[in-house]
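Enquirer: Provided below are the primary sequence and the corresponding predicted coordinates.
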Amino acid sequence: MGLESPAWTAGVKRFSHEAMATVFEVQALHPDATYAAQAAHAAFDLVDRLERELTRFLPNSDVGRINALAAGQSTRVSPSTMDCLLVARQMYDVTGGAFDVSIGTGLPSLELAADESRVRASTGGVRIDLGGIGKGHAVDLMGELLEDWGIEAAVVHGGFSSVLALGAPAAQEGWPLTLSDPGPPIRVLVRLARRDTALGASGVRKGGHIVDPRTGKPAAGRRAAWAVLPRQAAHERSQAGCGGPRRAAAAAADALATAFMLMRLRDIGALCAASPGLEAWVLPEPARSGGPPEALHFGTPGSS
Amino acid sequence: MEDGKLARGPMIAITLLRVLVGWHFLYEGIAKITSPSWSAAGYLKQARGPFADIFRWLAAQPDLLAAADSITMWGLTLVGVLLILGLFTRLASLGGIGFILLFYLCNPPFVGLFYSIPVEGSYLIVNKNLVELGALIVVLASGSGVFAGLDTLVHAVLGRKRKTG
Amino acid sequence: MAGDDEKDKVAVPPRPAGGRKLDRRDVLKGLSTVPALGLFGYAWQKQRQYEQAAAGTEQAAAAGDVQDVHVALLGAGAQGQVLTDAMLRIPGVRFRAVCDVWAEYNQRRVVNQLQRFGFQVNAYEDYREMLDKEKELDAVVIATPDFWHAPHAVDCLKAGKHVYCEKEMSNTLEGARAMVAAARETGKLLQIGHQRRSNPRYLHCYRHLLGEAKLLGRIVTVSGQWNRAVTPDLGAPERYTIPEARLKQYGFKNMHQFRNWRWYKGLGGGPIVDLGSHQIDIYTWFLGANPSHVMASGGQLYYDPATHEWYDTAMVVFDYDTPAGPVKAYYQTQTTNGSLGYFENFMGDQGTLLISESEVHAAKVYRDTNAPPWDEWVQKGYITAPKLQEAVEKDKAAVTDVRESVSPDEHKVPIVLKDPYHQPHLQNFFDAVRGSATLNCPPEIGYESAVAVLKVNDAIEAKSRLSFTPEDFAL
Ligand SMILES: NC(=O)c1ccc[n+]([C@@H]2O[C@H](COP(=O)([O-])OP(=O)(O)OC[C@H]3O[C@@H](n4cnc5c(N)ncnc54)[C@H](O)[C@@H]3O)[C@@H](O)[C@H]2O)c1
């Protein structure tokens, strides 16, 4: 995803930081550059802390311990990890298993006891990888932290694939954003102006592939997919008893973008229709003959 | 090779093969028995291919799963011991073939299927499971237990009641 | 069953119709593969021993009925939050109170976190008020800035509480001595937060690799570092600014100093005390001796000296007279480039131990080519089998093959920490409170460590080599 740069963006201060095998960036509109830098670095400290909890490469991370659980064992995780797992589970349910952090090893057999932040495995051998939702989760929490710091207009992203637009620049309807065909050739497909909205992107990059956890087969026929979810909509979902934390918009969008690479178009349409504010774009692989494909759009923009 | 008989050299080689396969089975079984947390569930849930649904269904039935777990760990151990000793070799070989066939079908390296946990080596249709299965077919066909193994003794003792056809 | 073999013609002598007696040949053939089973049994037993040795240090204390310990957190900043996370995983820890002067932010965050786990805790700004009101407390966990450690720890001990106090024990030796005295006087426990002292990886290396196996031979040199990349000074959300009067009351000039106390004289000790103290403590522990001399060079090379009163860079050499002989130990900490992070490296005449709390380095030992073989320790599971060096084809005619130099055998130390970094040290403290363990870092050790570390700043300032006398470490 991209951010367009009209003239007023001169006042935007940009800070970046490497974490979770990608680059996180904060672009903030604030008159005091030092203060904005301190806020951004407080957000990056938070990402580093989250990474230590969510990485599967450390045996003493929350995920490391979950992945070592035998049948009947349980482990306590940090409340934020629990939040992330709750969203992951919710996304597993709404996408019919197309988004599955356990890649088919049995997510439903992890029992999530939110009140004591404890994860119990009813069978052994479940292995989770929060790579498809962790960046969004981090971006959500960074957004909350920046708001706490009084930064009202900012864009936060993790590797461009998980984006949160906070507020909007003065006199603008929203932050100008683009969705592009990863190419080749790279070309802008959609232009959006959004505020208080999370966006997630997923695609087939060079050599990589997305494996459908339901069948073990790689995704075929799609080049990229995007999910767009206003924070307010995520908030209402959690209020409506759907569970999950208050404002997990970016985590949900991150997960849904992956699922939209795999779900049937008609299921994507149905999910968007049933979830106010949720929008999806799906870019099919180009047909053998004919021009470059256009992105298919589902859902209607929420009021923000 | 004449009249289905094998010369001494090949028979020694096949016996060695039998002991090696037996060793592998025995340790696979014992390692599972001694690991308190082992369950086939993880493996079954990773099932791929045409029979994936059956295996996954099995993993979701607690009673059946418990039975499958015990059958697997004790079965592998028993087959291993019998193959090493050369006792009831044919039955043990058949049992071993059955186990391997199940493992193979659970995660067959068919075209287009990916195992979500990375595996060593590169396989297309034939993997090491299938090779071990082949080894057991050789053992089964050769009657190596009677050449070198307790089947020799069983034969000698029970030989009286058996009439060669 | 034997019916399976009916068609068997292989090597079976034709049987007489009435069966036959077993001859010696049959018995030999029948039993010929039994030894393979024996061999298997032997190999399996070896494998079990190996697995048990590897798992040995990981055995967590059995979770049974544990006695509750009522705890307050004093100082709910970055480290207070890390300790809280770790304590939430320890059975029997009951949170009663949280004290922090930053009521608007840190205090509120930890109180909310604890509420999520069902602990209704009382929040305090003034620790004396907390000690007056909370009569049920067994223990206080202190994670305030260094200059508060002595008053906080001494008053808590005198109020009859056991104390876990973060390192650096104190920013002054008088403070540290007062803490030792208070612990001795009251008979209460005082654990200093050098958490590597309870880390299973460090304990394994100390007990087994250095103690039992003496893998390194005679240690002659040590090096270590903690390098950090440039970071901006810490700030605070504007809306949670602490009123000036309260800042003054607790010894801070302004918000900037309150957030960045580490860099100020009289409050913290700069990077050498913040980072170096962990690792210099390991030097002393592993060498089994306190240093005899220190020389150091450092300075304010990069950051604004007005807001960074302590040295941002320090390069230090300690001399040790260990029971095995003299040792020189180098340490560096700098805050402008994070290359290679942090580790300690012990070098003896038979091998090298590279160890770190971080998983990036974990722990590895390298065998000197002239050292006796380490197979025994590999079999015992103390270290992994070495990473194989590529085999060289021996050319009979040549004495040696000239090529790129070979590196020594690298063995990993197969100990993984499955809990958050500070959990074992806290666990050790709570076990000691319950009477089932002794402290891994009692105040006497914290004091010796403080003597060695605080002198580095003196040496940088004096620009000369300073010596320690045994009296310096005596209490
Ligand atoms: N063992 C380790 O690995 C490790 C790591 C980091 C820090 N530490 C140690 O932990 C301590 C705290 O460090 P930090 O990084 O959390 O600092 P911090 O500045 O983030 O937190 C200090 C907290 O103490 C509070 N505070 C200050 N004076 C107080 C007082 N008089 N009464 C009550 N509360 C008071 C502050 O409001 C703040 O919330 C230091 O001693 C530091 O050396 C240890």
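Expert: Thanks, I have it.
Enquirer: how far away is residue C:237 from residue A:149?
Expert: For residue C:237, the distance to residue A:149 equals 4 Å [Cβ to Cβ, to the nearest Å]. Where C-beta positions appear, they are placed from N, C-alpha and C, glycine not excepted.
Enquirer: Identify the contacts common to these two.
Expert: Counting by Cβ atoms under 8 Å, 6 or more residues apart in numbering or on different chains, the residues touching both residue C:237 and residue A:149 are residue A:39.
Enquirer: Who has more neighbours out of the two?
Expert: residue A:149 (24 against 19; other Cβ atoms under 10 Å in any protein chain shown).
Enquirer: Who are the contact partners of the spatially closest residue to residue B:93 that is not a sequence neighbour?
Expert: Of all residues not flanking residue B:93 in the chain, residue B:140 sits nearest, at 3.9 Å (Cβ to Cβ, 6 or more residues apart in numbering or on different chains). By Cβ under 8 Å, 6+ apart, the contact set of residue B:140 is B:89-90, B:93-94, B:97.
Enquirer: Beyond the host helix or strand of residue B:140, next helix or strand please.
Expert: Per DSSP states H and E, residue B:140 falls inside helix B:128-142. Next along the chain after helix B:128-142, taking DSSP H and E as the criterion, comes helix B:144-147.
Enquirer: For chain A, what is the nearest residue in the stretch 301-450 of chain C?
Expert: residue C:416 (4.5 Å; Cβ to the nearest Cβ).
Enquirer: number of nearby residues for that residue?
Expert: 17.
Enquirer: Thought residue A:58 was touching it, still the case?
Expert: No: proximity of residue C:416 to residue A:58 does not meet the contact threshold set by Cβ atoms under 8 Å, at 9.2 Å.
Enquirer: count of neighbours near residue C:88?
Expert: 22.
Enquirer: contacting residues around it?
Expert: Contacts of residue C:88 by Cβ under 8 Å, 6+ apart are A:76, A:117, C:117.
Enquirer: measure the residue nearest to residue B:93 to residue B:18 for me?
Expert: Residue B:140 is 10 Å from residue B:18, by Cβ to Cβ.
Enquirer: Next: residue C:306.
Expert: Counting by Cβ to Cβ, the gap from residue C:306 to residue B:18 is 82 Å.
Enquirer: who's more crowded, these two?
Expert: Remark: of residue C:306 and residue B:18, residue B:18 carries more neighbours, 32 against 7, as counted by other Cβ under 10 Å.
Enquirer: between residue B:140 and residue B:18, what contacts are shared?
Expert: residue B:89.
Enquirer: about what we covered before: tell me which helix or strand the residue of the stretch 301-450 of chain C closest to chain A sits in.
Expert: Residue C:416 belongs to no helix or strand, assigned by DSSP H and E.
Enquirer: all helices of chain B, in order?
Expert: B:8-34, B:41-45, B:52-59, B:62-85, B:89-106, B:128-142, B:144-147, B:151-158 (DSSP state H).
Enquirer: among the contacts of residue C:88, who's most crowded?
Expert: residue A:117 (24 neighbours).
Enquirer: give me every residue that touches that one.
Expert: A:76-79, A:81-82, C:88, C:116-117.
Enquirer: repeat that for 6 Å
Expert: Residues counted as contacts of residue A:117 (Cβ atoms under 6 Å, 6 or more residues apart in numbering or on different chains) are A:76-77, A:79, A:82.
Enquirer: Checking residue A:105 next. Helix, strand or coil?
Expert: Three-state call for residue A:105 (DSSP: H, G, I helix; E, B strand; the rest coil): coil.
Enquirer: confidence score at the residue nearest the centre of chain B?
Expert: Computing the C-alpha centroid of chain B and ranking residues by Cα atoms, centre = their mean puts residue B:96 first, at 2.4 Å. Here the pLDDT value assigned to residue B:96 is 96.
Enquirer: Name the nearest residue to the residue with the shortest distance to the centre of chain A, sequence neighbours excluded.
Expert: Centroid-nearest residue in chain A, with Cα atoms, centre = their mean: residue A:254, separated by 2.2 Å. Computed as Cβ to Cβ, 6+ apart, the closest residue to residue A:254 that is not its neighbour in sequence is residue A:136, at 2.9 Å.
Enquirer: Now the one you found: which helix or strand?
Expert: helix A:134-148.
Enquirer: now do residue A:225
Expert: strand A:222-230.
Enquirer: what is residue C:219 paired to in the beta sheet?
Expert: residue C:348 (DSSP bridges).
Enquirer: Let me know how buried the spatially closest residue to residue A:279 that is not a sequence neighbour is, in neighbour terms.
Expert: Excluding its sequence neighbours, the residue lying closest to residue A:279 (Cβ to Cβ, 6+ apart) is residue A:299, at 3.8 Å. Look at residue A:299: counted by other Cβ under 10 Å, it has 21 neighbours.
Enquirer: Got the phi and psi for residue A:299?
Expert: Backbone torsions of residue A:299, given as degrees, to the nearest 10, read phi 80, psi 170.
Enquirer: Let me know the pLDDT of it.
Expert: 91.
Enquirer: what about the helix or strand encompassing residue A:43, near the ligand?
Expert: Element membership of residue A:43 [criterion: DSSP H and E] is helix A:33-54. No: Helix A:33-54 lies out of reach of the ligand by Cβ under 6 Å from any ligand atom, never closer than 10.5 Å.
Enquirer: which element follows that helix toward the C-terminus?
Expert: Counting by DSSP H and E, what follows helix A:33-54 is helix A:62-67.
Enquirer: mind checking the SS state of whatever residue of chain C ends up closest to chain A?
Expert: Sorted by distance to chain A under Cβ to the nearest Cβ, the residues of chain C start with residue C:235, at 2.8 Å. Using three-state DSSP, the structure places residue C:235 in coil.
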